[in-house]
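K.L.:
just a sequence and a predicted model for now, questions to come.
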Amino acid sequence: MSEADVSATHVRSGEIGVYVHVPFCERLCPYCDFAVSVQREIPHEAYVARVAAELNARAGEFEGYEAVTLYVGGGTPSLLSGEALGALFEAVRDVVSVQKGAEVTLEANPNQLSAASLETWRALGVERLSVGCQSFQDAQLKALRRNHSATQAIEGVERALEVMERVSLDLMFGVPDQTMAAWEADLAIMQRLVEEQGLDHVSAYNLTVEPGTAFWIRRKRGSLHLPDEDASAAFLERLVECTAEVGLWRYEVSNFAVPGGESRHNSGYWLRRPYVGVGVGAHSLRVAADGRSWRRANARKYASYMSQNDPGAPESEEALSARESFAEHLFLGARSRLGLDLSGLFERYAGVLSEADKVRVGEAINGLATLGLLERPEGSPHLWRPTLRGLDLGDTVAERLYLAATPDAH
């Protein structure tokens, strides 16, 4: 499959993605600002029962839809027992029509990748495993307070590749005191796993220090020593080179895959496919035929989620007009190399776009193309996508398109 073929990915009517958040973690990583809960004893049955109650309370949101992806993330969802995970999948399928052949992903940590666990997950229908290694260097893992060793990470991924149909690897760069030599060592192991054992997907993130995290506090105190911007840019450049060397293409800012190995679930976010998120802190997007859309978010605190009277009640909701939805669709699509079908978008939002709107957006896209930030994929003349430089300057691309799509809001 060529990149042009992959870029033709689009959302079909009636498709939906389902995300289930499992918040439990064995420890809190100092860079993490996700909705997580560190507990000595995990309430497997109680949490799955609450998620099932939410699914049933929100059953109407799934009517007329078929789930093409099911993603169980966290937190550390691999901490759930096999029985609890099986009950969770059953609860989803009791309410949601899940397409045969749907992509079913489970996030896992390397220290949980035993042969028995892998076989259990495969038997439950998990066909894609996303493994949060972050690094293959013990010094980096210690700096990130990860609860696994470099050896566990390497051996765990190797075991997963023997059992699971597909495996994705998470790496992180720009971490405390990281050197280029250490990053090169991580990338060499990644390349070996791709070339020799069939790893087909890598997600690599530049460490971001989020407000309220332990790293945020340490940075304010002056005790956190991170690589500077030039070093992080060099890490990213080397990452792009090394992934390309082993046949992984950069289809999104932080994601690299063998053509055909892209995450269908995460790609749905960039393509603005409707999705329903259940569990602590989960987000959802509902889209109407007239272009309007609604976002909602669940309670971020475990205790609040478990104790609220209505298990289907959101913590917050936001309504977007058709114009706002168009603008979001436009700039999200331009931040992924899956491709942006401009004529299709104009047709979808015909009820709110004037000819002047279309001309203005078209001029913005042509201007970005002149700057070398957007291009037409070979063999797909109706699509636009960011160049590799456009991915690195994604905020600039997104801002220009958003301003072009919403002239009256500024």
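P.N.:
Looks like it came in fine.

K.L.:
distance of Glu15 from Gly125?
P.N.:
If you measure Glu15 against Gly125 using C-beta to C-beta, to the nearest Å, the figure is 19 Å. Every C-beta, even on glycine, is put in place using the N, C-alpha and C of the backbone.

K.L.:
the two: which is more packed in?
P.N.:
A direct count of neighbours by other C-beta atoms under 10 Å for Glu15 and Gly125 places Glu15 higher, at 19 against 15.

K.L.:
helix/strand/coil for the closest residue to that one other than its chain neighbours?
P.N.:
In space, and not counting its chain neighbours, Glu15 is closest to Val68: 4.9 Å by C-beta to C-beta, 6 or more residues apart in numbering. Put simply, Val68 is strand when judged by DSSP: H, G, I helix; E, B strand; the rest coil.

K.L.:
which residues does Val68 contact?
P.N.:
15-17, 99, 102-103, 264, 268, 273 (C-beta atoms under 8 Å, 6 or more residues apart in numbering).

K.L.:
change it to 10 Å
P.N.:
11-12, 14-18, 98-99, 101-103, 264-265, 268, 273 (C-beta atoms under 10 Å, 6 or more residues apart in numbering).

K.L.:
what's the spacing between the most centrally placed residue in the chain and Ser168?
P.N.:
By C-alpha atoms, centre = their mean, the mean C-alpha position of the chain lies nearest to Asn266, the distance being 4.4 Å. Computed with C-beta to C-beta, the distance linking Asn266 and Ser168 is 9 Å.

K.L.:
joint contacts of those two?
P.N.:
105, 130, 201, 203, 255.

K.L.:
those into CSV, with extra columns for neighbour count and pLDDT?
P.N.:
Shown next, in CSV, are the shared contacts of Asn266 and Ser168 (neighbours: other C-beta atoms under 10 Å; pLDDT from 0 to 100):
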residue, neighbour count, pLDDT
Thr105, 23, 98
Ser130, 24, 98
His201, 22, 98
Ser203, 19, 98
Asn255, 23, 97
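
K.L.:
now, among those residues, which is nearest to Leu342?
P.N.:
Set against Leu342, the nearest of those by C-beta to C-beta is Asn255 (22.7 Å).

K.L.:
my guess is the closest one meets Arg264, correct?
P.N.:
No: using C-beta atoms under 10 Å, Asn255 is not in contact with Arg264, being 11.9 Å away.

K.L.:
can I assume Ala327 is in contact with Arg400?
P.N.:
No: shown here, Ala327 and Arg400 do not form a contact pair, counting by C-beta under 10 Å, at 11.4 Å.

K.L.:
so what sits against both of the two?
P.N.:
Contacts common to Ala327 and Arg400, judged by C-beta under 10 Å, 6+ apart, are Val361.

K.L.:
which parts of the stretch 101-250 of the chain are strands?
P.N.:
128-134, 166-173, 201-206, 249-252 (DSSP state E, counting those that start in this stretch).

K.L.:
tell me which strands the third one pairs with, and in which orientation.
P.N.:
I take that to be strand 201-206. Partners of strand 201-206 in the sheet, by DSSP bridges, are strand 166-173 (parallel), strand 255-257 (antiparallel).

K.L.:
please name whichever of those is nearest to Phe89.
P.N.:
strand 166-173 (17.5 Å).

K.L.:
please save the CA atoms from the closest one in PDB.
P.N.:
The C-alpha trace of strand 166-173 is given here as PDB (Å, rounded to 0.1, in the frame of the first residue of the first chain):
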ATOM      1  CA  ARG A 166       0.000  -5.700  15.700                       C
ATOM      2  CA  VAL A 167       2.200  -3.800  18.200                       C
ATOM      3  CA  SER A 168       2.800  -0.100  18.700                       C
ATOM      4  CA  LEU A 169       5.800   1.300  20.600                       C
ATOM      5  CA  ASP A 170       5.800   4.600  22.600                       C
ATOM      6  CA  LEU A 171       9.000   6.500  23.000                       C
ATOM      7  CA  MET A 172       9.800   9.800  24.500                       C
ATOM      8  CA  PHE A 173      12.600  12.300  23.800                       C
END
